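Q: Okay, predicted coordinates and the sequence, questions at the end:
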Amino acid sequence: MTIHIEDLKFQSIIGILDFERVKPQDVIVNAEIEYDDTEGFVNYADIANIIKKTVIKGEFLLIEDALKEINLKLIKEYKAIKSINLKITKPSILPDCKVSVSDYFKSQS
């Protein structure tokens, strides 16, 4: 089974530029989570909440660090997860485009 979370939008402090550390900016997260439904229930509402809280609370300097932290928390919380494809977008950081970083994580179990 696969859970898709598309365009989860919220505001957070994220980035290394001086002005990014002062005022929260829009962040959009997309996630594709493959899981084994024979190993348990994976609650997509809880996953969306974990993603949002992790990024807001973390106030990460790098999107890459936010991706890694989200992955660690989700894998720890849900043993049924087999893989996670995450993308974090900062839609307003540049005037003429959206900027994103993504990564694919495969469970070790």
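A: Looks like it arrived, so ask away.
Q: The most far-flung residue of the chain relative to its centre: what secondary structure?
A: Relative to the mean C-alpha coordinate of the chain, counting by Cα atoms, centre = their mean, the farthest residue is Thr38 (24.7 Å). Three-state call for Thr38 (DSSP: H, G, I helix; E, B strand; the rest coil): coil.
Q: okay, it: pLDDT?
A: Here the pLDDT value assigned to Thr38 is 90.
Q: Please go through this protein and pick out the longest strand.
A: Counting residues, the longest strand found in the chain (DSSP state E) is strand 81-94.
Q: Show me what that strand is packed against.
A: strand 25-35, helix 63-77, strand 97-106 (3 or more Cβ pairs under 8 Å, 6 or more residues apart in numbering; DSSP states H and E). Glycine gets a C-beta too; all of them are placed from N, C-alpha and C.
Q: tell me the phi and psi of the closest residue to Asp65 other than its chain neighbours?
A: Nearest residue to Asp65, sequence neighbours excluded (Cβ to Cβ, 6 or more residues apart in numbering): Gly58, at 7.5 Å. Here is the backbone geometry of Gly58 (degrees, to the nearest 10): phi -70, psi -30.
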